[in-house]
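**Student:** I would like to see how this sequence folds:
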Amino acid sequence: MEIKVQNVNKSFKNNIVLQDINLTLQGGKVYGLKGRNGSGKSVLLKILCGFYTSTEGSVFYNGKSLKDSSIRIRALIEKPSFFPYLSGFENLQLLAKLEHLIDNQKILQVLELVGLAEDKDKNFSKYSLKKKKKLGIAQAIMEPSDLLILDEPFNGIDVQSVQVLKKHIKELSDKDKIIIVTSHIQDDLVELCDEIIELENGKIIK
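**Tutor:** Alright, predicted model coming up:
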């Protein structure tokens, strides 16, 4: 698995958000993406997912454009959103039915992993912010993927869950997938990532 970002720029009207981004990401690695709020991290992640198109430049997935490739992307970017009147389990079950890659047992295993097993039948609207974040993590990691993006996954969850998630990410990185993690905490990225990419004012500075 390889992703190449070549000369990518992104503007919204007159606001330049990303400038001349060039990256090569290789499978089997965990990449850290670091930067202050407004540095362009979320916009870059959304371009990689295909939510935004770049104003200039290109992104290639194994040498092809996203629309021509068959890679699977799973992501948690910003705040997760689910159907409020469905339980945590029902929300994940509904997502799983889109591609039929996993069964109910796998969903239960992931809910156990993120610490939501006891809350699986509770409506999403009743979840605390911490539990909503955990459900967002669960939907990102429950199915096979070639590119996994986790935007601030450790923010707002308990220390024990952070350690469990870090261990799971390391296990996933043994496979030929690309994992991108953002965090404001340098130590988290140093502990977890093979390489750290730092953005400032829409440019890669390190």
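
**Student:** what about the strands in this structure?
**Tutor:** Assigned by DSSP state E, the chain shows strands spanning 2-12, 15-26, 29-34, 56-61, 73-76, 147-151, 178-182, 195-200, 203-204.

**Student:** Would you map out the domains in this protein?
**Tutor:** Here the domain assignment for the chain is 1-72+145-206, 83-143, based on automatic domain parsing.

**Student:** now those domains in a markdown table, with mean pLDDT?
**Tutor:** Formatted as a markdown table, those follow (pLDDT from 0 to 100):
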| stretch | mean pLDDT |
| --- | --- |
| domain 1-72+145-206 | 91 |
| domain 83-143 | 96 |
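
**Student:** I'd like the strands of the chain written out as CSV, with distance to residue 172 and mean neighbour count added.
**Tutor:** From N, CA and C alone the C-beta is placed, and that goes for glycine too. Below are the strands of the chain laid out as CSV (distance: least, C-beta to C-beta, whole Å; neighbours: other C-beta atoms under 10 Å):
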stretch, distance to residue 172, mean neighbour count
strand 2-12, 16, 16
strand 15-26, 15, 16
strand 29-34, 9, 22
strand 56-61, 18, 16
strand 73-76, 10, 20
strand 147-151, 7, 23
strand 178-182, 6, 25
strand 195-200, 16, 17
strand 203-204, 25, 17
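
**Student:** For residue 106, find the nearest of those.
**Tutor:** For the strands of the chain, proximity to residue 106 was assessed by C-beta to C-beta; strand 73-76 is nearest, at 13.5 Å.

**Student:** Output the closest one as CSV - backbone C-alpha positions only.
**Tutor:** The C-alpha trace of strand 73-76 is given here as CSV (Å, rounded to 0.1, in the frame of the first residue of the first chain):
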residue,chain,number,x,y,z
ILE,A,73,-10.7,3.9,4.0
ARG,A,74,-11.9,4.0,7.6
ALA,A,75,-11.8,7.2,9.5
LEU,A,76,-12.6,9.2,12.6
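
**Student:** elements contacting it?
**Tutor:** Judged by 3 or more C-beta pairs under 8 Å, 6 or more residues apart in numbering; DSSP states H and E, strand 73-76 is in contact with helix 41-49, helix 129-141, strand 147-151.

**Student:** Verify the contact between residue 150 and residue 183 for me.
**Tutor:** No: using C-beta atoms under 8 Å as the test, residue 150 is too far from residue 183 to be in contact (9.0 Å).

**Student:** nearest spatial neighbour of the most centrally placed residue in the chain, skipping sequence neighbours?
**Tutor:** Among the residues of the chain, the one closest to the centroid is residue 149, at 2.0 Å (C-alpha atoms, centre = their mean). Distance criterion C-beta to C-beta, 6 or more residues apart in numbering; nearest residue to residue 149, sequence neighbours excluded, is residue 75 at 3.9 Å.
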